[in-house]
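Trainee: test case, fold it:
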Amino acid sequence: MAVATDAPGGRPTRAAVILPFERPSRVAIGDGGGHRAAEARLAEAVGLTASIGVAVVHEAVHPLRERRPATLLGEGHVEMIGRALKEQEAELVVVDAALTPVQQRNLERAWACKVIDRTGLILEIFGERARTKEGALQVELAHLEYQRTRLVRSWTHLERQRGGFGFLGGPGESQIEIDRRLIGDRIVKLKRELEQVRRTRGLHRKARERVPYPVVALVGYTNAGKSTLFNALTGAGVYAQDQLFATLDPTMRAIRLPSGRTAILSDTVGFISDLPTQLVEAFRATLEEVAAADIILHVRDIAHPDSAAQRADVLGVMEEMAEGPHASLEEGWQDRVVEVLNKADLLGGIEAVQRRAPGAVPVSALTGEGLEELRAAIDARLSAGMETIEVSLPTTDGAGLAWLYEHGEVLARNDGDEAIRLTVRISPADRARFEDRA
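Mentor: Below you'll find the predicted structure:
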């Protein structure tokens, strides 16, 4: 399914982006709770397409009054687009919608060029961006799940090539069965490998719990600035670009908070509207870090015209994670969310940003404005569930003293000749660990 990004002569592939746009009242329920303007949706689709290295030479919105089973779009629109593609010498068309295999095949015949839908495009992007073994496995699994259904449905005409009374399959059906079995075998193997990766991450998570440090996870719509904020808070060099899905694999770094407490900050994959179902399932493991987080920082691009709709999309996916038999988010996860209104510099600074929700923190990850307030907000949220205790340690117990400084917040200290008396703010779990230590 790979999309060539180099045409003959070394120039980038010339691509067109087509948005079949339905009226908001006809948009399926479950699109995230917010309806975007056609121009904003087209701009996002163009950004996604450009991110795979092709040259977008044509873009257009075509109203979709009725879904046509054969081509999705009406005949007039198909002909109009065909003329534009010929004029622009486009070699690839990205249709920002879900196409059936038959629709994809018919459009390719009508336009005489390669056609991919939104799912195919996002799979292509994820395939390019995955860096870790887990990311590559997840992408391949999603790709095969997508291809398996497409393979069978697009070859239904071969299934009619039967002999006898229909009990014996012809050569076309045999080929389908062989391909389906090969893909199925590979899917089973990938799922086993992914399960092993998840078990390994679970062991790592348990090891962190024994340390333990609180975990702060960054979530947000793609290109909201999560990786830039991650770098600004941790001083890390995580890849960050003004690019959709610049980060796919979770990255973790330690950060120091104003109280002196250490926390682990986790950067995760970006969310997007109409995320293909294959990827929702395949990347559930990537989002497990969110489920295990003590605090969830919901990073929003507050300068984006569709910021409210993007917020609804993110919260919608989070709700999905909290529902069903395989729910990975516990009830009450909303209480762990802190909204971070990023890119305040584009609106004139944090003072100019209207706080859209109680407790929201405006910042600019690019300029650093508001980051100290964000650190303080994280500290305050972590401290909310803590208790204050009085501790007396022998002056010889240097290890215990260091442990308290590392895992709690020392509010007061009085050094005596034989004992050190401390007032410490600490979590109930850490207090139990301290009292149980040998």
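
Trainee: how about low-confidence regions in the stretch 151-300 of the chain?
Mentor: Across the stretch 151-300 of the chain, residues meeting the criterion (pLDDT under 70) sit at 151-176, 201-212, 236-250, 276-289.

Trainee: 50 - rerun?
Mentor: Low-confidence segments of the stretch 151-300 of the chain (pLDDT under 50): 152-172, 239-240, 242-244, 246-248.

Trainee: all strands for it, in order.
Mentor: Along the stretch 151-300 of the chain, counting by DSSP state E, counting those that start in this stretch, strands occupy 162-163, 168-169, 215-220, 251-256, 262-267, 295-301.

Trainee: name the helices or strands packed onto the third one?
Mentor: Okay, so that is strand 215-220. The contact analysis (3 or more CB pairs under 8 Å, 6 or more residues apart in numbering; DSSP states H and E) places strand 215-220 against helix 226-234, strand 262-267, helix 288-291, strand 295-301, helix 307-321. For every residue, glycine as well, the C-beta is placed using N, CA and C.

Trainee: looking at the ones you listed, which is nearest to residue 361?
Mentor: strand 295-301 (8.8 Å; CB to CB).

Trainee: would you format the helices and strands packed on strand 215-220 as TSV with distance to residue 46 and mean neighbour count included?
Mentor: Listed next are these as TSV, based on distance: least, CB to CB, whole Å; neighbours: other CB atoms under 10 Å:
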stretch	distance to residue 46	mean neighbour count
helix 226-234	21	23
strand 262-267	25	21
helix 288-291	29	21
strand 295-301	17	24
helix 307-321	17	19
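
Trainee: which of the ones you listed sits closest to residue 412?
Mentor: Per CB to CB, nearest to residue 412 of these: strand 262-267, 20.7 Å.

Trainee: list the neighbouring strands of that closest one plus their orientation.
Mentor: Here strand 262-267 is paired, per DSSP bridges, with strand 215-220 (parallel), strand 251-256 (antiparallel).

Trainee: returning to what we had before: including distance to residue 216, could the helices and strands packed on strand 215-220 go into a markdown table?
Mentor: Below are the helices and strands packed on strand 215-220 laid out as a markdown table (distance: least, CB to CB, whole Å):
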| stretch | distance to residue 216 |
| --- | --- |
| helix 226-234 | 9 |
| strand 262-267 | 5 |
| helix 288-291 | 10 |
| strand 295-301 | 5 |
| helix 307-321 | 16 |
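
Trainee: which one of those lies closest to residue 343?
Mentor: Closest approach to residue 343 among the helices and strands packed on strand 215-220 (CB to CB): strand 295-301, 5.2 Å.

Trainee: tell me the strands beside that closest one, with direction?
Mentor: The pairing partners recorded for strand 295-301 under DSSP bridges are strand 215-220 (parallel), strand 337-342 (parallel).

Trainee: can I get that strand in CSV, CA atoms only?
Mentor: Listed next in CSV are the C-alpha coordinates belonging to strand 295-301 (Å, rounded to 0.1, in the frame of the first residue of the first chain):
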residue,chain,number,x,y,z
ILE,A,295,-2.0,13.3,36.0
ILE,A,296,-3.1,13.7,32.4
LEU,A,297,-2.0,17.0,30.7
HIS,A,298,-4.5,17.7,27.8
VAL,A,299,-2.4,19.9,25.5
ARG,A,300,-4.6,22.1,23.2
ASP,A,301,-3.6,24.4,20.4
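
Trainee: off-centre distance for that strand?
Mentor: Relative to the chain's own centre, strand 295-301 is displaced by 12 Å; criterion: CA atoms, centre = their mean, to the nearest Å.

Trainee: and for stretch 420-434?
Mentor: That offset, for stretch 420-434, works out to 36 Å (CA atoms, centre = their mean).

Trainee: rewinding a little: nearest to residue 149, out of the helices and strands packed on strand 215-220?
Mentor: Among the helices and strands packed on strand 215-220, the nearest to residue 149 by CB to CB is helix 307-321 (21.0 Å).

Trainee: tell me which other helices or strands that closest one touches.
Mentor: strand 215-220, helix 288-291, strand 295-301.

Trainee: quick one: low-confidence parts of the stretch 1-150 of the chain?
Mentor: Ranges of the stretch 1-150 of the chain meeting pLDDT under 50: 1, 25-33.
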